[in-house]
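>>> got a structure for you, letters missing:
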């Protein structure tokens, strides 16, 4: 099997897809307003005619590249390309203003590479072990895990949007029931439209709600004059920082990588949270905390290492449980499903080399990020000077072509346009999109395991609380859902007592 893994990773097709995905991801990540999800969603239609391994490498390259790409404009323009790079701008931009833009970019690149490699190794070591531990997990436990993933998706909405997050998650679950019932073979919510027999395609809905809705939002900003067309000139200074100076921050590198992996493995978190935690910890433990915010090497290293350490860790719940930890993983799961690949413990049984090719290839993806970042960073950054009035129409055409390519159907394009409008309205009225898409992806898995569990228990819902592992997962899930409200109540009570 080792020979198959090596040949799968180093095949010409795999290497090409890694680099194409990485380049596109860095460019989109560097464009303010276009995030990681956008990068993966735009490339997803291209994977349907590719072998599964090449397709996954294309999306993983875009994922890792977009996480790093946000640091380019964060350093040069004080405009983070992605939310995960916000903390990078705290010290990256002040460093650039002092004439050390090259140093800031190099520190960000090295930190991103270190964090990405660390998380890839963690994935390679931990995922098979976790998979072996859960081989005896049954339908009740899988249903409880789906509930946990759904509640985590609601948590993505933020403390103030919990109700809206729940509404969107329920809407996603409802949309997953459209089409033929796999248990009884009856049609559901099709309204006489036979083209919905196979259900709504998650890939089409994601292209609409993420990519097309973002195009509509940016187009509106341009139309009403909210978007500033003129982009500041990108300037570079040669890097003077040495690699050995970078590794002097080894304590920060290790701590930030561990934080990123732990936070990334928990559904509903992400790179922005990991970067903020790591940045705060680095400042707290620094011998020179007064330098933070004015161009500290430690701040850049902590932020970029942590947010890229999330990339491999988010694949752990996806590959072992089949639960997407965040919105980008939901898109990846959708792409895998379209290719007939079922994620879960079965990937690690029977000597299947596919999963080990993907996990090993993630290490190579991060090394290519170092190569591309070193050689082409000037070109990547200058793409940000192309006006959105040129970029948006091109992306719109790609979305239309990509949607049609999924099943050669104009009906899918109409569905995509409808959900693009829905996504635009959701953003206008501040309804979170990730709970909807994660609910859509988890819906079939959640329903099938619920019904299978009730069949095994004779219709008794007690099966979900009498099995220890299922009960623990449900308690954690409900705890995570109500924790923000409990924390606010305790804080309010403490304030009232102090007053």
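Everything's here; your move. What you are looking at is a predicted structure, and each value in this text was computed from that prediction instead of being measured.

>>> After the longest helix anywhere in the chain, which helix or strand is next?
Using DSSP state H to assign secondary structure, the helix with the most residues in the chain is helix 101-133. Using DSSP states H and E, the helix or strand that follows helix 101-133 in sequence is helix 139-156.

>>> What residues sit buried inside that following helix?
Of the residues in helix 139-156, those buried under the neighbour-count criterion (16 or more other C-beta atoms under 10 Å) are 139-156. Every C-beta, even on glycine, is put in place using the N, C-alpha and C of the backbone.

>>> what packs against that helix?
Contact analysis of helix 139-156 by 3 or more C-beta pairs under 8 Å, 6 or more residues apart in numbering; DSSP states H and E lists helix 162-176, helix 315-321, helix 434-456, helix 463-466, helix 468-498 as its packing neighbours.

>>> what mean pLDDT would you report for it?
The average pLDDT within helix 139-156 is 81.

>>> chain center to that helix: distance?
17 Å (C-alpha atoms, centre = their mean, to the nearest Å).

>>> Tell me how far residue 146 lies from residue 172.
12 Å (C-beta to C-beta, to the nearest Å).

>>> Mutual contacts of these two, please.
By the contact definition C-beta atoms under 8 Å, 6 or more residues apart in numbering, residue 146 and residue 172 are jointly contacted by residue 442.

>>> Residues in contact with stretch 468-483: which ones?
The set of residues external to stretch 468-483 that reach it, using C-beta under 8 Å, 6+ apart, is 137, 140-141, 143-145, 147-148, 151-152, 154-155, 162, 268, 463-465.

>>> Can you get me a residue count around residue 429?
8 (other C-beta atoms under 10 Å).

>>> phi, psi of it?
Backbone torsions of residue 429, given as degrees, to the nearest 10, read phi -100, psi 20.

>>> pLDDT at it, what is it?
Note on residue 429: pLDDT of 90.

>>> now do residue 385
What the model reports for residue 385 is a pLDDT of 66.

>>> and what of the one 5 residues further on?
For residue 390, the model assigns a pLDDT of 81.

>>> cool, residue 67 as well?
Each residue has a pLDDT score; the one for residue 67 is 86.

>>> Also the one 10 residues further on?
Per-residue confidence for residue 77 comes out at a pLDDT of 71.

>>> Pull the number of nearby residues for it.
Each residue near residue 77 was counted by other C-beta under 10 Å, and the total is 21.

>>> Residue 256 versus that one, what's the distance?
Taking C-beta to C-beta as the measure, residue 77 falls 24 Å from residue 256.

>>> Kindly report the same for residue 206.
Taking C-beta to C-beta as the measure, residue 206 falls 30 Å from residue 256.

>>> In terms of neighbours, single out the busier of the two.
In terms of neighbours (other C-beta under 10 Å), residue 256 is the more surrounded of residue 206 and residue 256; the figures are 32 against 28.

>>> Provide the contact partners of the helix or strand in which the more buried one is found at residue level.
In this structure, residue 256 is located in helix 250-265 according to DSSP H and E. The list of residues contacting helix 250-265 from outside it, by C-beta under 8 Å, 6+ apart, reads 111, 114-115, 118-119, 122, 247, 269-271, 273-274, 277-278, 281-282, 285, 298, 301-303, 305-314, 316-317, 325.

>>> Take these and keep only those in helices.
Per DSSP H, the subset of those in helices is 111, 114-115, 118-119, 122, 271, 273-274, 277-278, 281-282, 285, 298, 301-303, 305-313, 316-317.

>>> Run a quick neighbour tally on the nearest residue to residue 341 once chain neighbours are set aside.
In space, not counting the residues next to it along the chain, residue 341 is nearest to residue 52; the distance is 5.7 Å by C-beta to C-beta, 6 or more residues apart in numbering. Neighbour count of residue 52, defined by other C-beta under 10 Å: 17.

>>> Hmm, residue 336 and residue 52 touching each other?
Yes. Taking C-beta atoms under 8 Å as the definition, residue 52 is a contact partner of residue 336 at 7.3 Å.

>>> Might you report the residue contacts of residue 208?
Applying C-beta under 8 Å, 6+ apart to residue 208 gives the contacts 415, 416, 417, 418, 419, 420, 421, 422, 423.

>>> any idea how far the residue nearest the centre of the chain lies from residue 39?
By C-alpha atoms, centre = their mean, the mean C-alpha position of the chain lies nearest to residue 328, the distance being 3.1 Å. In this structure, residue 328 and residue 39 are 9 Å apart, going by C-beta to C-beta.

>>> what residues do those two have in common as contacts?
Taking C-beta under 8 Å, 6+ apart as the contact criterion, the common neighbours of residue 328 and residue 39 are residue 63.

>>> re the thing from before, okay, buried residues for the helix holding residue 256 please.
Buried residues in helix 250-265, counted by 16+ other C-beta under 10 Å: 252-253, 255-265.

>>> swap in stretch 30-49?
Residues of stretch 30-49 classed as buried: 30-32, 34-47 (neighbour count, 16+ other C-beta under 10 Å).

>>> Kindly report the same for stretch 71-79.
Within stretch 71-79, judged by 16+ other C-beta under 10 Å, the buried ones are 71, 72, 73, 74, 75, 76, 77, 79.

>>> for stretch 415-426, same thing?
Going by 16+ other C-beta under 10 Å, stretch 415-426 has these buried residues: 415, 416, 417, 419, 420, 422, 423, 424, 426.

>>> List the residues that contact residue 423.
Counting by C-beta under 8 Å, 6+ apart, residue 423 touches 208, 209, 210, 212, 213, 214, 216, 433.

>>> need those in a markdown table with distance to residue 356 and pLDDT, can you?
Supplementary listing: the contacts of residue 423 in a markdown table, determined by distance: C-beta to C-beta, whole Å; pLDDT from 0 to 100:
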| residue | distance to residue 356 | pLDDT |
| --- | --- | --- |
| 208 | 34 | 87 |
| 209 | 33 | 87 |
| 210 | 30 | 79 |
| 212 | 36 | 88 |
| 213 | 37 | 88 |
| 214 | 35 | 81 |
| 216 | 41 | 90 |
| 433 | 33 | 84 |
